[in-house]
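Novice: quick check, what structure comes out for this input:
(one chain, ligands or ions: 1)
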Amino acid sequence: MPRTPARSFLVVLLVLCLLLTGSVVFFVPHGSSGALDSVRSTLGFEGPPDPDLTHTPRSERPEIPAVADLPVTPAPAQTAANTDPCAPSAGEESANQGRAVYVIAESIQLRAGPGLDCPIVSSLPFGQELALAGKPVTRDGIIWRSVVVDGQLGYVASSAVRTLNAQATRTAAIPILMYHGIYEEGSRFIVTPEQLEDQMAWLRDNGYTSITPTNLYDAIYHDLPLPDKPVMITVDDGNRSDLLFAEIVTSYGFRPVFFWPNYTELTQEEMRYLDSLGEVCGHTVSHASLAQLSWEGQYAELAPNKAWIEEQLGHPIRCFGYPFGAYNGMTTDVVTHVGYDIAFDAWGATSIVGIVDPIHISRKEIEGTFDLETFAAIMTHGYS
Ligand SMILES: [Zn+2]
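Specialist: Prediction:
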């Protein structure tokens with residue numbers, strides 16, 4: 001072993017000892033033992049200072065317990081959760097444990113922990129059912145609820161979920177907007193892309209959340225929660241502009257609803273893509289006016305249209321829209337016989353969930369001649 005580093009070490013140790021001693025002297029005025037007691041009291045010292053082990057013979061030194069003999073202080077149970085704020089915390093059972101809540105926002109993020117910096121586990125859509133797990137946690141100015149979805153534990157913002165409240169659901173008013181085509185040259189049935197952009201921006205800026213026919217069905221029949229400001233955004237007839245319509249509507253965070261006859265200009269691939277963005281409903285084979293047809297004639301318009309769309313999409317559809325909003329006394333029977341759960345008119349007053357006829361739900365045509373003030377008035381004051 002070289003001697004120089006060992007000597008240097010001793011010198012450093014000596015200097016440190018001097019510095020430490022000096023610092024104590026620095027804080028204690030000479031000849032003032034009362035002041036020393038005061039400093040000790042302030043620092044929490046009780047009794048005489050520790051013996052200076054470096055100058056005490058080994059035999060007189062107090063026995064230092066071996067590490068193994070030291071009493072073990074149990075670590076706090078929440079150590080892991082305290083050090084990692086995103087780790088799920090255990091043992092925080094809530095009185096509401098297992099109670100169902102539903103997503104009432106357009107979509108929310110399920111996070112691994114209660115904080116905006118915690119990893120996103122998945123995105124949950126409107127209407128998704130979750131089970132409450134632990135107690136609420138407040139962090140980042142948000143109240144977080146721990147929830148279980150599909151067997152996975154995570155955290156969501158409390159304001160984005162709601163328990164069942166039948167009264168709130170049944171009194172909800174649903175504006176249901178009806179569009180037809182989106183093209184540059186507007187007319188009564190044609191809204192320009194700029195108009196649609198302005199209207200979707202207005203809905204977004206005013207806090208609306210879109211719902212689909214299935215969401216409305218669940219509200220009507222099962223009292224499932226609706227958003228505070230629901231809106232349904234529909235487009236009829238399967239024009240090619242459905243693609244542009246969907247692009248604009250989804251870019252504002254909303255889900256589009258499509259009503260298609262069999263002569264739609266969309267390819268199967270496009271139909272499946274649009275279906276994935278929202279929901280698809282039937283609209284008869286040939287866009288016939290059902291008011292003029294017999295029971296058999298109406299069935300021949302509805303059943304093959306439903307079967308064809310379901311074949312194109314690969315799953316059942318449950319909603320229907322009356323072409324021209326027209327029907328006669330037999331139509332309701334045909335609609336239910338074919339197997340639709342919910343059907344939409346092309347006119348009428350704002351629908352209140354608790355009193356709406358599920359087979360005749362009103363819609364409001366948004367005409368190309370409407371300016372944004374007219375649109376805002378329809379949304380704000382309802383329609384009739
Ligand atoms: Zn139509």
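Novice: quick one, phi/psi of the residue in the chain that the ion sits nearest to?
Specialist: In the chain, the residue that lies nearest the ion is residue 236 (3.8 Å; Cβ to the ion). Quick note: C-beta positions are derived from backbone N, CA and C, even for glycine. For residue 236, the backbone dihedrals (degrees, to the nearest 10) come out as phi -100, psi 160.
Novice: report the contact partners of it.
Specialist: 178, 179, 180, 259, 283, 321, 346 (Cβ atoms under 8 Å, 6 or more residues apart in numbering).
Novice: repeat that with 6 Å
Specialist: 180, 259 (Cβ atoms under 6 Å, 6 or more residues apart in numbering).
Novice: can you pull up the bridge partners for it?
Specialist: Legend: beta-bridge partners of residue 236 under DSSP bridges are residue 259.
Novice: again with residue 120
Specialist: residue 111.
Novice: now do the one 4 residues further on
Specialist: As for beta bridges, residue 124 partners with residue 108 under DSSP bridges.
Novice: just residue 147 next, same as before
Specialist: With DSSP bridges as the criterion, residue 147 is bridged to residue 132, residue 154.
Novice: doesn't residue 127 fall inside a helix?
Specialist: No - secondary structure of residue 127 (DSSP: H, G, I helix; E, B strand; the rest coil): coil, not part of a helix.
Novice: can you pull the pLDDT of it?
Specialist: Reading off the confidence values, residue 127 has pLDDT 90.
Novice: what residues does it make contact with?
Specialist: By Cβ under 6 Å, 6+ apart, the neighbours of residue 127 are residue 215.
Novice: unless I'm mixing things up, residue 384 is touching residue 351, no?
Specialist: No - with contacts counted by Cβ atoms under 6 Å, residue 384 stays clear of residue 351, the gap being 11.5 Å.
Novice: who has more neighbours, the two?
Specialist: More crowded of residue 384 and residue 351, by other Cβ atoms under 10 Å: residue 351, with 26 against 9.
Novice: would you check that the more buried one makes contact with residue 177?
Specialist: No - using Cβ under 6 Å, residue 351 is not in contact with residue 177, being 12.0 Å away.
Novice: tell me which parts of this structure are close to the ion?
Specialist: 236, 237, 323 (Cβ under 5 Å from the ion).
Novice: list the contacts of stretch 242-253.
Specialist: Applying Cβ under 6 Å, 6+ apart, the contact partners of stretch 242-253 are 106, 182, 196, 197, 200, 204, 233, 235, 256, 258, 274, 277.
Novice: ditto for stretch 265-284
Specialist: For stretch 265-284, contacts defined as Cβ under 6 Å, 6+ apart pick out 212-213, 238, 240, 246, 250, 255-261, 301, 305-306, 309, 312-313, 317, 319-321, 323.
Novice: list the buried residues of it.
Specialist: Within stretch 265-284, the residues scored as buried using 16 or more other Cβ atoms under 10 Å are 266, 270-271, 274-275, 277-284.
Novice: ditto for stretch 351-362
Specialist: 351, 353, 356, 358, 359, 360, 361, 362.
Novice: for the protein, which segments count as helices?
Specialist: Secondary structure of the chain (DSSP state H): helices at 3-27, 33-43, 79-83, 166-170, 193-205, 213-222, 242-251, 268-277, 295-313, 331-338, 372-381.
Novice: what mean pLDDT does the second one get?
Specialist: So that's helix 33-43. Per-residue scores along helix 33-43 average to 46.
Novice: need the buried residues of stretch 351-362 in JSON lines (columns: pLDDT).
Specialist: Shown next, in JSON lines, are those (pLDDT from 0 to 100):
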{"residue": "351", "pLDDT": "88"}
{"residue": "353", "pLDDT": "92"}
{"residue": "356", "pLDDT": "91"}
{"residue": "358", "pLDDT": "94"}
{"residue": "359", "pLDDT": "94"}
{"residue": "360", "pLDDT": "95"}
{"residue": "361", "pLDDT": "95"}
{"residue": "362", "pLDDT": "94"}
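Novice: please name the nearest non-neighbouring residue to residue 321.
Specialist: With sequence-adjacent residues excluded and distances taken as Cβ to Cβ, 6 or more residues apart in numbering, residue 321 is closest to residue 259, at 3.9 Å.
Novice: try residue 211
Specialist: In space, and not counting its chain neighbours, residue 211 is closest to residue 230: 4.9 Å by Cβ to Cβ, 6+ apart.
Novice: just list whatever residues bridge to the one you found.
Specialist: Per DSSP bridges, the residues bridged to residue 230 are residue 209.
Novice: test my guess that it contacts residue 208.
Specialist: No - the criterion here is Cβ under 6 Å, and residue 230 misses it with residue 208 at 7.3 Å.
Novice: touching, residue 191 and residue 367? I think so.
Specialist: No - here residue 191 lies out of contact with residue 367, judged by Cβ under 6 Å, at a distance of 7.7 Å.
Novice: for those two, indicate the residue with more neighbours.
Specialist: Remark: of residue 191 and residue 367, residue 191 carries more neighbours, 28 against 18, as counted by other Cβ under 10 Å.
Novice: that one bridge partners, please.
Specialist: Residue 191 has the following beta-bridge partners by DSSP bridges: residue 182.
Novice: what's the separation between it and residue 251?
Specialist: Applying Cβ to Cβ, to the nearest Å, the value for residue 191 to residue 251 is 15 Å.
Novice: measure the residue nearest the centre of the chain to residue 139 for me?
Specialist: Residue closest to the average C-alpha location in the chain (Cα atoms, centre = their mean): residue 108, at 1.5 Å. Applying Cβ to Cβ, the value for residue 108 to residue 139 is 16 Å.
Novice: ditto for residue 193
Specialist: Noted for residue 193: a distance of 41 Å to residue 139, by Cβ to Cβ.
Novice: please apply the same query to residue 295.
Specialist: Distance, residue 295 to residue 139, using Cβ to Cβ: 61 Å.
Novice: what's the answer for residue 307, then?
Specialist: 51 Å.
Novice: can you check residue 359 too?
Specialist: Residue 359 is 47 Å from residue 139, by Cβ to Cβ.
Novice: mind checking pLDDT for residue 107?
Specialist: So residue 107 comes in at 88 (pLDDT).
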